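> With the sequence up front, the predicted model follows.
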Amino acid sequence: IAGSISGLVMETAVHPIDTIRTRIKANSKEFVTFTTQAKRMFIKEGPFSYWRGISCTFFGASVSNIAYFYMYERLKGFLKNNQLVNPDLAPFIASFVGGCFQDMIYIPVDLVRTRMQLEPGQYEYKHFFDGVKKVSKYEGFRGLYLGGSAVFTLGGLHTSFTFGFYELFKKVLKPYIPSQDGQVNYGLTLTSGLLAAGISAMLTNPIDVLVTRMQMVNTAKHKRERIPTLLGKIYKNEGIKGYFKGITGRISYYGIADVILFSTYEFLKNKFGIDLHEV
């Protein structure tokens, strides 16, 4: 419940940033800055354009985060309590497995949301369930998992880096940012969350660009492209910087998102009396 609520609050708050960076990643013709893209959308489509695909966020954030946080906390505690791995490695492993488990639910959500966030006229899905229905009808059930291998890799690596570095920074910085007994240490949480989010966002941005390009393809009309082919095409047409399109938005997105996520999560765990010895 704590993971579901914190995930829903986080993803709703940063959804406009996600929509803007999706447009940037989808643009294979030019390199556009975050502010330029935001202005273009506001002028051409109005402020509501930033909220395209929000129905997917409501559904996906609540359901998939229940699966993720349950798996993460259970596996992390199991690995530590049974001393199966080094305690510092447990969060990385638990978050990677939790991320893969979460993606089984989240991939169709992300696919429909990405298409809804594109420029009007490409995909006219009314809401999440309408998108699922149309993808299944015209592209088959397999179409809902378009780019699934890349999404699994992105999700697993991102959550592993984020939660792994978050736990690591909490441990390293705790002596320098003390807290009162039984209280959530928001200074430590915010600092650790920001650092973990920034590092994770930079390391995984190239895969994020790849995922967006794969999800854009309407497989009912066009042939699927293999990952090596698509990676080569990005490099040939856009250069190395093509892999880092939308990186400002990605760092901003996860910087804000993870601060909200971890703060809400730690607060709710405190209120529920869960895992307080690690706060």
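Arrived safely, thanks for sending. Fair warning: this is a prediction, and the values are worked out from it, not measured in the lab.

> ok, which stretches of the chain are strands?
Using DSSP state E, the chain contains no strands.

> What segments of the stretch 151-279 of the chain are helices?
With helices called from DSSP state H, counting those that start in this stretch, the stretch 151-279 of the chain shows them at 186-216, 227-238, 247-272.

> distance between stretch 72-85 and the chain's centre?
Here stretch 72-85 is found 24 Å from its chain centre; the criterion is C-alpha atoms, centre = their mean, to the nearest Å.

> I meant stretch 198-218, not that one.
10 Å.

> Can you mark which positions in that stretch are buried?
Residues 198-201, 204-217 are the ones in stretch 198-218 that count as buried (16 or more other C-beta atoms under 10 Å). Any C-beta I mention is one placed from the backbone N, CA and C, and that applies to glycine too.

> repeat for stretch 73-83
Within stretch 73-83, judged by 16+ other C-beta under 10 Å, the buried ones are E73, L75, K76, L79, K80.

> and those as a markdown table, adding distance to S160?
What follows is the buried residues of stretch 73-83, written out as a markdown table (distance: C-beta to C-beta, whole Å):
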| residue | distance to S160 |
| --- | --- |
| E73 | 15 |
| L75 | 12 |
| K76 | 12 |
| L79 | 13 |
| K80 | 16 |
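
> ok, back up a step: any chance of CSV for the helices of the stretch 151-279 of the chain, columns distance to V63 and mean pLDDT?
Formatted as CSV, those follow (distance: least, C-beta to C-beta, whole Å; pLDDT from 0 to 100):
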stretch, distance to V63, mean pLDDT
helix 186-216, 19, 88
helix 227-238, 27, 91
helix 247-272, 16, 78
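
> Please enumerate the helices of the stretch 1-150 of the chain.
With DSSP H, counting those that start in this stretch as the criterion, the stretch 1-150 of the chain has helices spanning 2-13, 15-26, 34-45, 54-81, 90-117, 128-139, 148-173.

> how far off helix 2-13 does the second one point, in degrees?
Counting by axes from the mean of the first three to the mean of the last three C-alpha atoms, to 10 degrees, helix 15-26 points 70 degrees away from the direction of helix 2-13.

> Compute the distance from the centre of helix 15-26 to the centre of its chain.
The answer for helix 15-26 is 12 Å, by C-alpha atoms, centre = their mean.

> now for that helix, which elements pack on it?
Where contact means 3 or more C-beta pairs under 8 Å, 6 or more residues apart in numbering; DSSP states H and E, helix 15-26 is packed against helix 34-45, helix 90-117, helix 186-216, helix 247-272.

> Show me what it is in contact with.
Helix 15-26 has contacts (C-beta atoms under 8 Å, 6 or more residues apart in numbering) with 11, 32, 34, 37-38, 41, 49-54, 57, 114, 117-119, 208-209, 212-213, 216, 245-246, 248-250, 252-253, 256.

> Chain neighbours aside, what residue packs nearest to V209?
K25 (4.9 Å; C-beta to C-beta, 6 or more residues apart in numbering).

> Kindly tell me how buried the one you found is, as a neighbour count.
26 (other C-beta atoms under 10 Å).

> Next: the one 10 residues further on.
Around T35 there are 10 other residues, counting by other C-beta under 10 Å.

> and it, what pLDDT?
As predicted, T35 sits at a pLDDT of 92.

> roughly how far apart are it and T248?
Going from T35 to T248 by C-beta to C-beta, to the nearest Å gives 9 Å.
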